[in-house]
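build me a structure from this.
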Amino acid sequence: MMLLAIEQGNTNTLFAVHDGERWTAQWRAATESSRTADEYAVWLSQLLAMAGLQLGVFNHCIISSVVPQSIFNLRNLARRYLHVEPLVIGENAELGIPVRIDKPSEAGADRLVNAIGAHVAYEGALIVIDSGTATTFDVVAPDGGFEGGVIAPGINLSMEALHSAAAKLPRVAIQKPQRVVGTDTVGAMQSGVFWGYISLIEGLISRIRAEQDRPMKVIATGGVASLFHGATSSIDHFDPDLTIRGMLEIWRRNTKAS
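Next comes the predicted model:
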């Protein structure tokens with residue numbers, strides 16, 4: 001068995017290879033909604049060759065995307081170059097969890113996949129934080145049900161907006177400042193964004209737990225989550241593999257069902 005999992009966010013697209021026992025390779029590309037199936041194939045075939053693989057080795061493919069206009073091209077990549085019919089989250093893939101929100105069709109594929117990835121690895125009620133283009137806080141019930149959450153601007157988005165909207169504020173790198181009070185413009189901006197996000201995380205976790213009135217573990221994932229490691233005790237686990245674990249579980253559930 002060779003599975004290609006494609007997880008597309010607003011900023012990056014992850015291609016991951018699973019051989020039936022473990023993830024053997026992972027690559028990221030900048031998300032470009034206009035990229036064609038042919039362009040994906042050229043890029044991916046070169047990376048596969050470096051790993052001693054080729055497009056023809058795959059007999060399964062699963063796609064999760066929050067960019068609707070890209071799904072057509074990713075599906076064509078699977079059909080034309082992998083010669084497989086892909087499972088697409090939100091279209092032909094059964095998730096196997098209840099989605100307990102007012103409009104289930106509005107739940108983003110990434111949030112649902114994360115809920116499943118968290119549920120299979122951790123027990124009880126969960127809060128899943130995904131730090132990407134947006135920072136999401138999602139509630140997962142003890143039975144794995146998705147119960148809604150919070151969507152906030154991502155830390156990179158906030159930093160870019162600060163630079164774009166204020167003429168005298170420079171573009172700065174996001175990093176953990178040694179002090180909360182900055183003594184120059186760059187330090188003040190870094191502190192405002194970094195410690196501001198820590199406060200956002202801690203405050204929302206506290207409010208969600210108070211509203212839910214039950215013990216809840218907090219799991220963080222996403223490309224920016226590592227920035228917060230060691231900066232707050234509110235997060236119980238940092239799990240970079242949450243999303244691809246969820247995609248693998250969805251593939252397994254659908255394979256068994258078929």
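
what residues does the residue nearest to residue 138 when sequence neighbours are not counted make contact with?
Leaving aside its chain neighbours, residue 138 sits nearest to residue 149 (3.7 Å; criterion: CB to CB, 6 or more residues apart in numbering). Heads up, the C-betas are built off the backbone N, CA and C, glycines and all. Applying CB atoms under 8 Å, 6 or more residues apart in numbering, we find residue 149 in contact with 111, 128, 136, 137, 138, 139.

now with 10 Å, please.
Counting by CB atoms under 10 Å, 6 or more residues apart in numbering, residue 149 makes contact with 101, 107, 111, 115, 127-130, 136-140, 204, 208.

need the buried ones from these selected in ChimeraX.
Command for ChimeraX, covering only those of the contacts of residue 149 found buried under the criterion 16 or more other CB atoms under 10 Å:
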select :107,111,115,127,128,129,130,136,137,138,139,140,204,208
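
just the contacts of residue 149: which are in strands?
The members of those that map onto strands under DSSP state E are 127, 128, 129, 130, 136, 137, 138, 139, 140.

so who does the fourth one touch?
Contacts were defined as CB under 10 Å, 6+ apart; by that measure residue 130 touches 9, 108, 110-111, 113-114, 136-138, 149, 151, 154, 219-225, 242-243.

filter the residues you listed down to just the ones in helices.
Taking DSSP state H, the ones among those that sit in helices are 110, 111, 113, 114, 242, 243.

any idea what residue 151 is bridged to?
Note on residue 151: beta-bridge partners by DSSP bridges are residue 136.

surely it meets residue 110?
No: applying CB atoms under 10 Å, one finds residue 151 not in contact with residue 110, separated by 11.2 Å.

which neighbours do these two share?
Shared contacts of residue 151 and residue 110, counting by CB under 10 Å, 6+ apart, come down to 130, 134, 136, 138.

would you mind measuring from the first one to residue 8?
Which is residue 130. Distance, residue 130 to residue 8, using CB to CB, to the nearest Å: 14 Å.

could you do residue 14 as well?
8 Å.

okay, those two: which has more neighbours?
Counting neighbours by other CB atoms under 10 Å for residue 14 and for residue 8 shows that residue 8 has the greater number, 22 against 19.

ok now do the more buried one, which residues does it touch?
14-15, 29, 31, 33, 63-67, 70-71, 74, 109-110.

which of the residues you listed are buried?
Buried among the contacts of residue 8 (16+ other CB under 10 Å): 14-15, 29, 31, 63-67, 70-71, 74, 109-110.

closest to residue 187 among the residues you listed?
Taking CB to CB as the measure, residue 187 lies nearest residue 31 of these, at 31.5 Å.

name the nearest residue to that closest one, ignoring sequence neighbours.
Closest to residue 31 by CB to CB, 6+ apart is residue 13, at 4.9 Å.

surely that neighbour is within a strand?
Yes: under DSSP: H, G, I helix; E, B strand; the rest coil, residue 13 sits within a strand.

quick one, helices of the stretch 1-150 of the chain?
Using DSSP state H, counting those that start in this stretch, the helices of the stretch 1-150 of the chain run over residues 37-50, 68-77, 109-119.

quick one: the longest one to helix 68-77, angle?
In other words, helix 37-50. 60 degrees (axes from the mean of the first three to the mean of the last three CA atoms, to 10 degrees).

please apply the same query to the last one.
In this structure, helix 109-119 runs at an angle of 70 degrees to helix 68-77, with the same axes, to 10 degrees as the basis.

and helix 109-119, average pLDDT?
The pLDDT scores in helix 109-119 average 95.

now swap in the shortest one and tell me
In this model, helix 68-77 carries a mean pLDDT of 95.
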